[in-house]
Each structure stands twice: as structure tokens, then as C-alpha cells.
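1. just the structure for this:
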Amino acid sequence: MSSTHSYPSNRTKHVVESKSTEAQQDTEYECAPFFVDLKSLSESQLDHLRSVGLLGAVCVEIDESTAPQGVSAKAAKLLGVNETEKQIDDEPRVELLEEIRPSTSINKVVGVQDPYAIRLVRSAHINYLSNALSEPLSRGFISLDASHPWMIYWCLHSLDLLQYFDPHSDTSLDSGGLHDLETLQKSQLLKRIVSTMKHCWTDVSLQFDEDEVKKNGKLTELHKIQQKEGISSTNLQGKIELIGGGFGGGPQQMPHCAPTYAAVLTLCIIAGIGCGQEAAVNRSQNPYHEAGRLAIALLNEKRLPMYAFFLTLREHEDGERIAFRMHHDGEIDVRATYCILTPCHLLGLLDKDEEKNHLLSPPIAHYIASCQTYEGGFGAEPFNEAHGGYTFCALAALRILDFVSIINVETLRSWLARRQLEFEGGFCGRTNKLVDGCYSFWQGGAIAVLDCWYNENNATGEKIGSADEEGLSFDEVMLQRYILLCAQDVNGGLRDKPSKPKDFYHSCYNLSGLSVAQHALSSSWPSTSCEAGDDDTNLNSLFGDASVNILGKTDPVLNIRLERVMYATEQFRSANERNDQEIRGNET
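-> Residues are numbered from 1 along each chain as shown. A predicted model of the protein is given here:
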């Protein structure tokens, strides 16, 4: 440990000092200046924070007797300090601004203009993300040439959380929509994204046993469609050749589960923006309707070929379907299962009836459960180290399958809780690792998924988010504090930690984690209404300025906004019902 560093007095305590603990101490030292007591700053320093957008421009006097002092009780417990404890004057002071409780009207909160309330620099983030989708990228992005759908999803989902396309964000919608240049540019952007996704699609020839096609209503429907088009055939060995496919990382790249997942989420976002807001905006006035219509048409066109492609990625053992590969001849891990289940859930391709479910089987859930480690988290495959990203994929997949009960829930809850770092407030991805903003969602989202499941299935009736302890089973205020103070780049974009550069990936998952931390748990999953959507009164405790910090609500399992999920699942439910009728017709 460098002797020149003056670390915070309430730094993390370790039993044994090592290179890992030294790295942890360096990270705490890196973050500590961001937690300074704002009231201790000079007026010129406060003016600088106002000029970059971290503080509001209008200041009012605050009664010192009611002003927040030190840390909250919840934060003090997490930090291991007494909430009334005096800190050494020459050390950075951890300052948590007053928590805004869900029972408080947001309109009233906005009226109390706290000059020290930290703000999300929303306009800077919007500029950074929208420019990434509109302007040519630099030559350094050639390394991400196989990640076109991912980059678009990261930026578009972030913009959607920032409510960039919401009706109230466009004054133009009140005066004729397309006559406004900015709105027209947004509409054209969404249509270009749909076109890009279409060019990332790759067809692949697939073979199925004739009996399997006859028993599978979705394959039967695809077979009939392709017979009419003259592109499906039956050979002498009783095999039927179908054209399936998926989205690749770019034009003319092989289909792969990961970019297929990103592409479907992207198209569902656009479908929801363009066609799911019809209740709020008259269709003739909605400038995004055409983009939404194109997105739905592309999903309708590709959903059955995609389903056929997913079927060929099944890995069998002793005749049972146990897992999926990421692509043909690719690796097997829990990501593949999650990346297949999510599009299938959104597009109505999953059958609850086990006899009709040709994609899934109970051994798939048990394979996921076998990836749980002795620590409680999940690895990519059995006997791997527990990791935040794989843990989220495993838990979210089990949630979609409704098989969470087969894992050791208590050890998972314990492992997830220990990933939130007591000084920084953000999450790390593995044991003895450093804080990273992207795990705001991978770990925070996993906790939200588990909390919601626990509330639905706990036999004792005890619920997360009771009157005694509001919110999630992690300190959501501390997480918001880390994202807003340490992960924000004031020039736009979000990052891993203060010493790291901003990027699209960390912008997406920091904002997704911020959304999870802000919004109260839904009463059930999948949600059937927006009762826990963007209602400003249904919130967890908030950090900073509630007038600008509140994001749209993301679905913690699928990670697109709740309204987009509901529109997509409703849109494709009728298609699933047609397939059921097809199966009944074949049986008779």
C-alpha cells in the first residue's frame, strides 16, 4: 500500500492485507473525493458543479436544523460507522443527501429545491448516446464489428430509459409531430435501426425429422409458409429442410444467440415506441408509428425461422434436452439459455404445456441449477467460479422457466448481498473484485428478480419491501449515489469507475441499474399492467434531485422498459394462439 495515500477512516476492513486488498484500498481512495460534503465546498466549486449540470442552477437557503447531516441510518450500518459519528476534518466526508421516500409526493419534493441535490446529467447522456447512433464511429470501433446489434441495443435502451422518445419529451407532438425537425430525425433514426437489424439477419438451412415437424405447430406453420414460397423440401430420408436463421453481429455474419437477443430487444423497444404509445398519442400524430410498424413486421417475419434455429442449438444427453449452444458448434453455457428464452418469451414462442413444448424440458432448468457454486452465485457452466453476469443470466432464465425454487435461494441471496461494496456502494462481479458500474444491473437486477420471486413464493408471507424496510434487499440509495457521483461522465456517458473511460456498455447497465434501484418491485412477474411502471409515487428511496433523476422502469428480467415488454407480449400472444390451433388441427 502506498504510504502517500490518505485513505478514508471508514475504509473496508480486511483480515489479511494482500495485493487484492491494496487494489480495493486504491479504488476507495479514488472514489472518496466524489463523496465529499458538498456544504464544505466553496461557492466557486459549487458554481463549477452547477455549470456541468451536477447541481441545479437555482439555489435557495436551507434551514440548517433540517438539512441532512452525515449518512443515513441505512448507509451508516452498511459503512460500519455510527450515523452521528464525527469524521476527521481533513478527510473526505461521505455525504448522503436526504432520502426521498415513496410516500412523499414528487411534486412536493420538486418544490423543495435542495441546492445540494446531485443530478443526472440527462442532456449530456442523451447527446452522447444519440450521436453514437447518428454519427460515424471512429476507426477504433473496428474491434466491435461483430457487435452491431449490441451497440445499438445499449444506446437505444439507454435513450429509452432517459425517456428520449416519450410523448412528453417532444413538444413537437403537440404541434403536428413530423413538422418538427428534431422529431423527424428521431423517427428516421428508428427506421434506420430497423433497416440495420434486417441486414444483420442471416438465413441458414436446417433439417428436421418429418415427424418432429408434424408434431410441432410452429414448425408446421413455417413449413407451409416456405412451401408456398418454394423454399422448403422433403428428402428421401424423411427429413424436411427448412430455412431458419438468426441475427449476426453484423451484415453477412453467422447467426448467434447473443446478437439475436440484442436485436430482438431493440426491435421490441422500437415497436413499443412506435405502436405501444397509441393510447397517449393519436396514431396520426405519432411520428414513430411507421418505425414501430416496420419493427413489428420484421419480428413477425423472422420469429418462426428464429424458433427453428433455436431448436437446432439444443444439446441432448441421454435423449433429454439439457442446454443450448451459443451458435452452431459453439460453447454451451447459461448465457445461451437466457439469450434464447428472452426472445422466445417476448415473441410468444414458449409453450406452458410441457407436452407441446418442443424447445424446453425440465432438465434444462436442472442444468442451470448445476451451475450454482458453493458460494451461492452461478458460473458459466458447472464447476466455474461464481460471476455476476452469469448469475443474472441463470436466475433470469430460471424465472422465465418458473424453476427458481430448485436452487439454493438463501445462499444466492447471501452471495448477491455481499457483492455490494460497503464504502463505494456499487457492486463488484466476483469475490475479491473491485466495484464496476455495469454490475449495478447484473447484480442489482438479479436481486430485484429474486426479491420479486421471494415475495410471490414465500410461504411465511414475509415480503421484501415491508413497512419496516422499504425497497430492495440491497441499499438502493448507496447504489444510486455511486452511479450519480462516480459513474457519470459530466460530458455524457457512464463508466466503470472514475478512472475508467465512458462507453456504451457501461452507460446501458449503469442506467439499467439506476432504474432498478429507483423503482419499487412489481407485484408479480410477468407484469400484466403498468401499476408499477413509471408512476412517480411508486418509488424506492431516491438519491439526489427527483425532478430530473427518475428514469423509465426497466423489467429486471428482460431489461427493456416495462411498457415495451407488455406491448410485445400482447402483440405476439395472438400468434401463439394460432399455433395452438394448428397443433389441434394436426392432431385431428
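2. quick one: end-to-end distance for stretch 422-431.
-> 14 Å (Cα to Cα, to the nearest Å).
3. actually, stretch 496-515.
-> 17 Å.
4. what about that stretch, average pLDDT?
-> For stretch 496-515, the mean per-residue pLDDT is 97.
5. and that stretch, which residues are buried?
-> 496-498, 502-515 (16 or more other Cβ atoms under 10 Å). No exception for glycine: its C-beta is placed from N, CA and C like everyone else's.
6. those residues in helices, which ones?
-> 504-515 (DSSP state H).
7. got the contact list for the residue nearest to residue 238 when sequence neighbours are not counted?
-> Leaving aside its chain neighbours, residue 238 sits nearest to residue 210 (4.7 Å; criterion: Cβ to Cβ, 6 or more residues apart in numbering). Residues in contact with residue 210 (Cβ atoms under 8 Å, 6 or more residues apart in numbering) are 234, 238-240.
8. for residue 210, what are phi and psi?
-> phi -60, psi -40 (degrees, to the nearest 10).
9. strands along the stretch 401-550 of the chain, start to end?
-> For the stretch 401-550 of the chain, strands defined by DSSP state E, counting those that start in this stretch occupy the ranges 494-495, 502-503.
10. now the chain
-> With DSSP state E, the ranges of strands along the chain come out as 201-209, 233-234, 239-247, 314-317, 320-324, 494-495, 502-503.
11. format those strands as CSV; extra columns: distance to residue 562.
-> Shown next, in CSV, are these (distance: least, Cβ to Cβ, whole Å):
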stretch, distance to residue 562
strand 201-209, 27
strand 233-234, 43
strand 239-247, 24
strand 314-317, 31
strand 320-324, 27
strand 494-495, 21
strand 502-503, 26
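12. among those, which is the most enclosed?
-> When neighbours are counted by mean count of other Cβ atoms under 10 Å, the highest per-stretch mean among the strands of the chain falls to strand 494-495, a mean of 26.
13. hang on, the earlier thing: okay, the contacts of residue 210 in CSV with distance to residue 357 and pLDDT next?
-> Listed next are those as CSV, based on distance: Cβ to Cβ, whole Å; pLDDT from 0 to 100:
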residue, distance to residue 357, pLDDT
234, 25, 76
238, 23, 82
239, 23, 90
240, 20, 93
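14. closest to residue 194 among these?
-> Lowest distance from residue 194 to these (Cβ to Cβ) belongs to residue 240, with 30.8 Å.
15. what separation do you get for the closest one and residue 166?
-> 46 Å (Cβ to Cβ, to the nearest Å).
16. ok, now residue 267?
-> Distance from residue 267 to residue 166, by Cβ to Cβ: 19 Å.
17. just residue 114 next, same as before
-> Counting by Cβ to Cβ - residue 114 and residue 166 are separated by 25 Å.
18. more neighbours: these two, which one.
-> residue 114 (21 against 18; other Cβ atoms under 10 Å).
19. quick check: the more buried one touching residue 545?
-> Yes: at 7.3 Å, residue 114 counts as touching residue 545 under the criterion of Cβ atoms under 8 Å.
20. now the helices for the stretch 251-400 of the chain?
-> For the stretch 251-400 of the chain, applying DSSP state H, counting those that start in this stretch gives helices covering 257-275, 289-311, 334-346, 362-370, 388-401.
21. show me what the third one packs onto, helices and strands only.
-> This points to helix 334-346. helix 257-275, helix 289-311, strand 320-324, helix 362-370, helix 388-401, helix 562-587 (3 or more Cβ pairs under 8 Å, 6 or more residues apart in numbering; DSSP states H and E).
22. which residues touch stretch 351-367?
-> Identification of contacts with stretch 351-367 by Cβ under 8 Å, 6+ apart yields 212, 215-219, 307, 310-311, 314, 317, 320-324, 337, 340, 344, 349-350, 398, 401, 403, 406, 576, 580, 583.
23. re earlier: same list, the ones in helices among the buried residues of stretch 496-515, but as TSV with distance to residue 300 please.
-> Conversion of those to TSV gives the following (distance: Cβ to Cβ, whole Å):
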residue	distance to residue 300
504	28
505	30
506	33
507	31
508	27
509	30
510	33
511	30
512	27
513	32
514	33
515	29
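24. how about residue 565: what's its closest non-neighbour residue?
-> Closest to residue 565 by Cβ to Cβ, 6+ apart is residue 555, at 4.8 Å.
25. no wait, residue 492
-> residue 128 is the one closest to residue 492 (Cβ to Cβ, 6+ apart), at 3.0 Å.
26. that neighbour - how many residues pack around it?
-> That count, for residue 128 with other Cβ under 10 Å as the rule, works out to 20.
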